[in-house]
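Asker: coordinates only, sequence not included:
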């Protein structure tokens, strides 16, 4: 069995400070590593994951057993669970990241000034990134790989529920770095579950952390946002909405709604609230709700919904503000696109919203007036994913508005600098 963590007789502050210093040292050679070196490491990591699948699944079985004993919900257990298909998907994601263009050194823009100066804006690594996450062991690979591709060192702090799985996956990442001749300190994993380690990361590890990315529940993200002394890419809860307009195709509405809610209920892109245009209550509402119910979804509705679908439970104010991450959906009747926008702007976490509609004016109004990171038309909200966007993978969906928004992939893990070339100019 892999040693996932050890909290005994450990000076947490000293250990974390040492990790920060080693990450900063690794960040310098990593920032100038060639695309070929980084890609060699990523493909070697994928090879190691495939070769060690049985070992990873054995460690995941320990996490699953402990999670069940601890009373984790079905949704959280689904996030935690690995099988051969999911491990293969993680490895495939690493290869997809390797296939992406290297963002480091990319010239974003360039121009000439009248005085002859040539100015370039060029992508550069952020430096050292701290990623704090819960439940999902795949984040270990996704975050490590994305940070590497963008030329950043990273310190990963997984939750205690996925400690064994994350340790097994991290061992594969370290193997890939060794084979490519890159410093193993480029991807470090906090070897303990002591919450004090998170506190040290939030302090910035003596100035060695440049940004923190929290990925987890509302409690974790709230703590990071309130206590962090370094910039944060916040991945807040996904209270995602799907609106069915009067112009929607009825069959499409059923298909999209069921997939948006039920494909995987425990992911942040799962629809939590369904909004239905009052104009199509007699044609669209019942088929959608019957299909959701048949798929095992509990329906909580407003007064009009309950009147037309008697098996629905009455929704309360808290339901409109809840990320269920479970087979539960709240349903409200609204007065057209205006009512939908009003509800979404009142209750949304600004993560992802979708609509089913054929009216082009309704679609444009939805896109223009709703202020969320991801908006989808005639497609499931479960497409809110960096891999589905062609980014290879993501660290999370940023719901803030500064620097990164939406899926945080390799480009979002870079900053930029200006290169100015002259021929002896002096400023008058």
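Answerer: On my side now, so go ahead. Quantities reported herein were computed from a predicted structural model and do not represent experimental measurements.
Asker: can I see the domain layout of the protein?
Answerer: Here the domain assignment for the chain is 12-235+395-420, 240-383, based on automatic domain parsing.
Asker: nearest to residue 428, of these?
Answerer: Nearest to residue 428 among the domains of the chain is domain 12-235+395-420; the distance by Cβ to Cβ comes to 9.4 Å. Any C-beta I mention is one placed from the backbone N, CA and C, and that applies to glycine too.
Asker: start and end of that closest one, how far apart?
Answerer: Domain 12-235+395-420 has an end-to-end distance of 44 Å (Cα to Cα, to the nearest Å).
Asker: re the thing from before, let me have the domains of the chain in TSV, adding distance to residue 426 and mean pLDDT as columns.
Answerer: Listed next are the domains of the chain as TSV, based on distance: least, Cβ to Cβ, whole Å; pLDDT from 0 to 100:
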stretch	distance to residue 426	mean pLDDT
domain 12-235+395-420	10	93
domain 240-383	45	96
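Asker: would you turn those domains into TSV with distance to residue 389 and mean neighbour count?
Answerer: Compiled in TSV, the domains of the chain are given as follows (distance: least, Cβ to Cβ, whole Å; neighbours: other Cβ atoms under 10 Å):
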stretch	distance to residue 389	mean neighbour count
domain 12-235+395-420	5	20
domain 240-383	8	19
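Asker: okay if I get the ones you listed as JSON lines plus distance to residue 428?
Answerer: Formatted as JSON lines, the domains of the chain follow (distance: least, Cβ to Cβ, whole Å):
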{"stretch": "domain 12-235+395-420", "distance to residue 428": "9"}
{"stretch": "domain 240-383", "distance to residue 428": "45"}
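Asker: can you map out the strands along the stretch 201-350 of the chain?
Answerer: Per DSSP state E, counting those that start in this stretch, the stretch 201-350 of the chain carries strands over the ranges 211-215, 240-244, 271-277, 298-301, 313-314, 328-334.
Asker: list the pairing partners of the third one within its sheet, with orientation.
Answerer: Right, strand 271-277. Strand 271-277 has the following strand partners under DSSP bridges: strand 240-244 (parallel), strand 328-334 (parallel).
Asker: quick one: the helices in the stretch 301-428 of the chain?
Answerer: Secondary structure of the stretch 301-428 of the chain (DSSP state H, counting those that start in this stretch): helices at 303-308, 336-347, 360-369.
Asker: chain center to the first one: distance?
Answerer: By that I understand helix 303-308. Computed by Cα atoms, centre = their mean, to the nearest Å, the chain-centroid distance of helix 303-308 equals 35 Å.
Asker: identify all contacting residues around that helix.
Answerer: Helix 303-308 has contacts (Cβ atoms under 8 Å, 6 or more residues apart in numbering) with 276, 278, 281, 285-286, 289, 299, 312-315, 331-333.
Asker: out of these, which two sit at the greatest distance?
Answerer: Largest separation among the contacts of helix 303-308 by Cβ to Cβ: 278 and 313, giving 20.7 Å.
Asker: one step back: make a markdown table out of the strands of the stretch 201-350 of the chain and add distance to residue 146.
Answerer: What follows is those, written out as a markdown table (distance: least, Cβ to Cβ, whole Å):
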| stretch | distance to residue 146 |
| --- | --- |
| strand 211-215 | 10 |
| strand 240-244 | 23 |
| strand 271-277 | 26 |
| strand 298-301 | 36 |
| strand 313-314 | 41 |
| strand 328-334 | 31 |
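Asker: and the ones you listed: which comes nearest residue 63?
Answerer: With Cβ to Cβ as the criterion, residue 63 lies closest to strand 211-215 of the strands of the stretch 201-350 of the chain, at 17.0 Å.
Asker: re the thing from before, any chance of the strands paired with strand 271-277 in JSON lines with distance to residue 207 as columns?
Answerer: Below are the strands paired with strand 271-277 laid out as JSON lines (distance: least, Cβ to Cβ, whole Å):
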{"stretch": "strand 240-244", "distance to residue 207": "37"}
{"stretch": "strand 328-334", "distance to residue 207": "44"}
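Asker: out of these, which comes closest to residue 27?
Answerer: strand 240-244 (35.1 Å).
Asker: if we can go back for a sec, how about the strands of the stretch 201-350 of the chain, which one is nearest residue 417?
Answerer: Taking Cβ to Cβ, strand 211-215 is the member of these nearest to residue 417, at 16.1 Å.
Asker: that closest one packs against which elements?
Answerer: Secondary-structure packing of strand 211-215 (3 or more Cβ pairs under 8 Å, 6 or more residues apart in numbering; DSSP states H and E): strand 128-133, helix 218-227.
Asker: if we go to 10 Å?
Answerer: Applying 3 or more Cβ pairs under 10 Å, 6 or more residues apart in numbering; DSSP states H and E, we find strand 211-215 packed against strand 128-133, helix 138-149, strand 153-157, helix 196-203, helix 218-227.
Asker: dump the ones you listed to TSV, plus distance to residue 171.
Answerer: Shown next, in TSV, are the helices and strands packed on strand 211-215 (distance: least, Cβ to Cβ, whole Å):
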stretch	distance to residue 171
strand 128-133	17
helix 138-149	10
strand 153-157	12
helix 196-203	19
helix 218-227	25
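Asker: picking that back up, which of the contacts of helix 303-308 sits closest to residue 69?
Answerer: Closest to residue 69 out of those is residue 313 (30.2 Å), distances taken as Cβ to Cβ.
Asker: ok, now which ones touch the nearest residue to the closest one once chain neighbours are set aside?
Answerer: Of all residues beyond its chain neighbours, the one nearest residue 313 is residue 300 (4.8 Å), with distances taken as Cβ to Cβ, 6 or more residues apart in numbering. By Cβ atoms under 10 Å, 6 or more residues apart in numbering, residue 300 lies in contact with 273, 306, 312-316, 319-320, 322, 324, 328-332.
Asker: from the chain's centroid, how far away is the lengthiest helix in the chain?
Answerer: Criterion DSSP state H: the longest helix present in the chain is helix 12-31. Distance of helix 12-31 from the chain centroid (Cα atoms, centre = their mean) equals 24 Å.
Asker: tilt between it and strand 153-157?
Answerer: Here helix 12-31 runs at an angle of 140 degrees relative to strand 153-157 (axes from the mean of the first three to the mean of the last three Cα atoms, to 10 degrees).
Asker: mind checking what helix or strand follows helix 12-31 in sequence?
Answerer: Proceeding N to C from helix 12-31, the next assigned helix or strand is helix 35-51, under DSSP states H and E.
Asker: that following helix vs helix 12-31, what angle?
Answerer: Using the same axes, to 10 degrees: helix 35-51 against helix 12-31 is 120 degrees.
Asker: what is helix 35-51 packed up against?
Answerer: Partner elements for helix 35-51 (3+ Cβ pairs under 10 Å, 6+ apart): helix 12-31, helix 53-69, helix 84-99, helix 138-149, helix 163-179.
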